[in-house]
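A.B. asks: Here is a sequence together with a model predicted from it:
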Amino acid sequence: MPTTRTEPSTGSAHRTASRADTAARNEIIDQLKEDHRRVKKAFRDFEKLDKQDEASCEALVRTTIAELEIHAELEENLFYPAIRTVLAEDGLIDEAEVEHMTFHVLIDQLKTMDCSDERYCATFTVLGEYIKHHVKEEEGEIFAGLSRARMNWRNLRDDMQQLRQQRMAEQGLGDADGAQATSSSSSSSEAAH
């Protein structure tokens, strides 16, 4: 005798939503960590550049600044406000926001400097040192503090991916299509659950 499938129990639906949110949280954190790795690599690459090759230095600085600005906007406008309500230690977000203000000051200085300015390389190097410190705290304290945080991670992920794609396209950066593919596959896999 054939069995009729009924609607999943509330507990089953909750577990499915919980798994989907956990996957979305992991995607968000993985993408932010990938941003961190890419930018830290850019600072290491800058250290190896011949500083007399102003065109190469300036190109690397400009690309890195564009990536940092996108990353900062995602965190400041979407990620930090969303996690502030679920992160046990609220002071961590305050510190991260102050660190971001410092980044913006240095980035604004770099944007107005000519690459031949004697302080250009020093300013970018100091920005890199601040970024490394920020990444260490963010990954070690903020991300770690989110391991059991309950919230609608799927909506946050989707909002962050949409803003990332928009800003990358505006900046002419290459990963905009890759972020779209990630978003599409995530939505498809959630629909399958």
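C.D. replies: Cool, got the structure.
A.B. asks: Tell me how many other residues crowd residue 74.
C.D. replies: 21 (other Cβ atoms under 10 Å). To be clear about C-beta, it is placed using only N, CA and C from the backbone, and glycine gets the same treatment.
A.B. asks: And the one 3 residues further on, by the same measure?
C.D. replies: Number of residues near residue 77 (other Cβ under 10 Å) recorded here: 13.
A.B. asks: Next, the contact list for it, please.
C.D. replies: Contacts of residue 77 were listed using Cβ atoms under 8 Å, 6 or more residues apart in numbering, and they are residue 163.
A.B. asks: Is it correct that residue 149 is in contact with residue 85?
C.D. replies: No: at 9.1 Å, residue 149 does not count as touching residue 85 under the criterion of Cβ atoms under 8 Å.
A.B. asks: Compare these two and say which is more crowded by neighbours.
C.D. replies: residue 149 (15 against 9).
A.B. asks: so which strand or helix has that one?
C.D. replies: Counting by DSSP states H and E, there is no helix or strand that carries residue 149.
A.B. asks: contacting residues around it?
C.D. replies: Contacts for residue 149 were tallied using Cβ under 8 Å, 6+ apart; they are 25, 83, 86-87.
A.B. asks: next one: residue 70
C.D. replies: With contact taken as Cβ under 8 Å, 6+ apart, residue 70 is in contact with 164, 167-168, 171, 173.
A.B. asks: Output the strand or helix carrying residue 71 as PDB, nothing but the C-alphas.
C.D. replies: Assessed by DSSP H and E, residue 71 sits inside helix 54-74. These are the backbone C-alpha positions of helix 54-74, laid out as PDB (Å, rounded to 0.1, in the frame of the first residue of the first chain):
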ATOM      1  CA  GLU A  54      55.700  53.300  -9.700                       C
ATOM      2  CA  ALA A  55      53.100  52.000 -12.200                       C
ATOM      3  CA  SER A  56      53.100  48.500 -10.600                       C
ATOM      4  CA  CYS A  57      53.000  49.900  -7.000                       C
ATOM      5  CA  GLU A  58      50.100  52.200  -7.900                       C
ATOM      6  CA  ALA A  59      48.200  49.500  -9.700                       C
ATOM      7  CA  LEU A  60      48.500  47.100  -6.700                       C
ATOM      8  CA  VAL A  61      47.600  49.900  -4.200                       C
ATOM      9  CA  ARG A  62      44.500  50.900  -6.300                       C
ATOM     10  CA  THR A  63      43.200  47.400  -6.600                       C
ATOM     11  CA  THR A  64      43.800  46.700  -2.900                       C
ATOM     12  CA  ILE A  65      42.000  49.900  -1.900                       C
ATOM     13  CA  ALA A  66      39.000  49.000  -4.100                       C
ATOM     14  CA  GLU A  67      38.800  45.500  -2.500                       C
ATOM     15  CA  LEU A  68      39.200  46.900   1.000                       C
ATOM     16  CA  GLU A  69      36.500  49.500   0.400                       C
ATOM     17  CA  ILE A  70      34.000  46.800  -0.800                       C
ATOM     18  CA  HIS A  71      34.900  44.500   2.200                       C
ATOM     19  CA  ALA A  72      34.500  47.400   4.700                       C
ATOM     20  CA  GLU A  73      31.200  48.500   3.200                       C
ATOM     21  CA  LEU A  74      29.900  44.900   3.500                       C
END
